[in-house]
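Asks: Coordinates for the following, if possible.
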Amino acid sequence: MELKFYNIVNDELRSSTDFEKVIDPRTEEALWDVPIASVQDLEDAVAAASNAFPAWSQTTVAERQAVLVKMSDVLTQNSKILQDIVMKETGKSVSCSSLLVE
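Replies: Numbering: from 1, shown residues only. Have a look, this model is predicted:
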């Protein structure tokens, strides 16, 4: 499974010059690299959240529910790949990892 991971800051995919290798604890196989966020990434993310909060705080419960339902739909549509990632990263079996995505 070839995966590429990014940090997401203010709707922008960001890579990094620093990465950490994820290892399957069952096989000790190197799986994929994950980017390490920089201090600038963190500062930009905090600024984006601060800028978004005034508008978000004015949304209605129904609007927030709609956002959460969309997020749930995307997670459900991708549950198999998420389950595979969890299994490899944690070394857990299908039965244990399926509890995490149901």
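
Asks: Return the set of residues that bridge with Asp33.
Replies: In this entry, Asp33 is beta-bridged to Lys21, by DSSP bridges.

Asks: wait, doesn't it sit right on Ile23?
Replies: No: contact criterion Cβ atoms under 8 Å: Asp33 and Ile23 do not qualify, at 11.1 Å. Just so you know, the C-beta spots here come from the backbone N, C-alpha and C atoms, and that holds for glycine as well.

Asks: ranges for the helices of this protein?
Replies: Defined through DSSP state H, the helices belonging to the chain, from first to last, are 39-57, 61-77, 79-90, 94-101.

Asks: Out of those, which one sits most buried?
Replies: The densest packing among the helices of the chain, expressed as mean neighbour count by mean count of other Cβ atoms under 10 Å, is seen in helix 79-90 with a mean of 16.

Asks: Give me the angle between that helix and helix 61-77.
Replies: Taking axes from the mean of the first three to the mean of the last three Cα atoms, to 10 degrees, one finds helix 79-90 and helix 61-77 inclined to each other by 70 degrees.

Asks: How many neighbouring residues does the nearest residue to Ala48 once chain neighbours are set aside have?
Replies: Across the structure, with Cβ to Cβ, 6 or more residues apart in numbering as the measure, the residue nearest Ala48 apart from its sequence neighbours is Asn10 (3.8 Å). Burial measure for Asn10: 12 neighbouring residues, criterion other Cβ atoms under 10 Å.

Asks: Over to Asp24?
Replies: Counted by other Cβ under 10 Å, the residues lying close to Asp24 total 14.
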